[in-house]
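Asks: Have a look; sequence and predicted model below, questions after that.
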Amino acid sequence: MLLDELRAPARSWLGVPDEGPADDHARIAFSRRVYRSFDRLTTAFDPLRCDRRRRLPAEEAHVVAAAWEDGDAERTRRRELLQEVSDRLVLITVRLAHRRGLFKGWRGDIAADTTPIPAWHQPPRERRGLASVELTAGWHYCGGSEEGIFGHSASLLVASSRRHPTGHPQAGERVSRLPQLALGLVLDTPGKRIGPNAVHSLARLAQLGFPTGLLAADRSYTDQIAEHFAQPVRTMGYQLVLDYKQQHRGVQGTHQAPSSSMAPSPAPPCRTPWPARPQGSTTKPYAASTTTANSAI
């Protein structure tokens with residue numbers, strides 16, 4: 001791709017020669033230089049360096065995967081540095097759009113979603129005791145699906161817009177015409193840090209001074225404990241629009257859940273009707289706060 005697919009401006013940005021190597025030996029040499037450069041980058045970011053070109057034994061793979069989770073200071077610094085690079089790549093388009101006035105009239109409405117990113121490599125081979133080349137990947141299950149997707153989960157924030165209500169001359173049409181840009185992205189192991197990843201992206205977005213409006217999210221966020229999602233999001237000024245199952249509406253313990261499937265919630269101080277769950281767990285229903293039914297995005 002570097003030799004044959006890039007246009008002239010991209011070549012100048014990346015320092016790629018204008019004329020690609022003509023003979024096979026020159027192309028192989030160029031490819032090896034690229035691999036060595038990529039290897040230096042991954043060495044700087046990896047919490048624990050390993051051979052990424054082959055399947056590791058399961059025991060060795062568990063040690064490497066654990067390095068992406070532990071609290072070691074140096075490993076934490078590397079993980080944060082990697083996320084910083086990712087944040088800047090995502091937010092550069094947001095900054096450019098903001099400078100050009102594309103967010104004019106935007107009320108700060110955002111949609112949060114967790115979507116699967118399939119891995120390029122195959123899942124672990126348990127019978128042979130071999131891990132996947134993608135050591136931090138796992139099985140992502142979309143809502144209502146019994147078949148998982150092996151890969152990572154991307155916690156996405158997307159710029160959204162409300163629609164004009166019934167009776168308005170433009171009923172049903174979007175209030176603002178802004179592009180539905182990605183405002184935040186965190187790639188993680190499926191089922192882990194769903195709420196905190198969204199909070200992280202919102203905190204980075206807050207630095208740009210955008211207004212805070214509605215934040216619509218699906219049931220994977222509804223099930224997060226309040227400290228991991230609902231409370232920090234409301235502290236930032238967003239009004240949550242959450243999706244509830246039929247059996248979770250109405251009175252739930254000491255709380256009044258919404259009467260519709262999705263409703264903004266003003267979120268007064270509340271108590272938790274169920275015991276706190278481990279971070280990343282989405283198996284038990286959770287009514288985070290008193291909510292009132294209203295219009296959704």
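Replies: Here it is on my side, so go on. This one's a predicted model, so the numbers in the text were calculated from it and none came from an experiment.
Asks: all helices for the chain, in order.
Replies: Using DSSP state H, the helices of the chain run over 8-14, 24-45, 58-66, 73-99, 194-206, 219-222, 230-235.
Asks: Would you mark the buried spots in the third one?
Replies: Within helix 58-66, the residues that qualify as buried are A61, V64, A65, counting by 16 or more other CB atoms under 10 Å. Quick note: C-beta positions are derived from backbone N, CA and C, even for glycine.
Asks: sorry, back to before: for the helices of the chain, please prepare JSON lines with the additional fields mean pLDDT.
Replies: Shown next, in JSON lines, are the helices of the chain (pLDDT from 0 to 100):
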{"stretch": "helix 8-14", "mean pLDDT": "81"}
{"stretch": "helix 24-45", "mean pLDDT": "85"}
{"stretch": "helix 58-66", "mean pLDDT": "88"}
{"stretch": "helix 73-99", "mean pLDDT": "91"}
{"stretch": "helix 194-206", "mean pLDDT": "93"}
{"stretch": "helix 219-222", "mean pLDDT": "85"}
{"stretch": "helix 230-235", "mean pLDDT": "92"}
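Asks: Which one of these lies nearest to E146?
Replies: Nearest of these to E146, taken as CB to CB: helix 219-222 at 16.0 Å.
Asks: elements contacting that closest one?
Replies: In this structure, helix 219-222 makes packing contacts with strand 110-118, helix 194-206, strand 239-243, judged by 3 or more CB pairs under 8 Å, 6 or more residues apart in numbering; DSSP states H and E.
Asks: for those, which one ends up most surrounded?
Replies: Of all the helices and strands packed on helix 219-222, strand 239-243 carries the top mean neighbour count, a mean of 23, counting by mean count of other CB atoms under 10 Å.
Asks: Neighbouring strands - and their directions - for that one?
Replies: strand 214-217 (parallel), strand 262-265 (antiparallel) (DSSP bridges).
Asks: quick revisit: mind giving me a markdown table with the helices of the chain and columns for distance to G138?
Replies: As requested, the helices of the chain are arranged in a markdown table below (distance: least, CB to CB, whole Å):
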| stretch | distance to G138 |
| --- | --- |
| helix 8-14 | 33 |
| helix 24-45 | 20 |
| helix 58-66 | 10 |
| helix 73-99 | 17 |
| helix 194-206 | 13 |
| helix 219-222 | 14 |
| helix 230-235 | 25 |
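Asks: Looking at those helices, spot the one closest to R128.
Replies: Per CB to CB, nearest to R128 of those: helix 58-66, 9.1 Å.
Asks: Show residues contacting the closest one.
Replies: Contact with helix 58-66 is made by L48, C50, L56, P124, E126, G129, L130, A131, S132, L135, T136, as judged by CB atoms under 8 Å, 6 or more residues apart in numbering.
Asks: Among these, name the buried ones.
Replies: Buried among those (16+ other CB under 10 Å): L56, P124, L130, A131, S132, L135, T136.
Asks: Give me the subset of these lying in strands.
Replies: Within the buried ones among the contacts of helix 58-66, no residue falls in strands by DSSP state E.
Asks: Fine, thanks again, bye for now.
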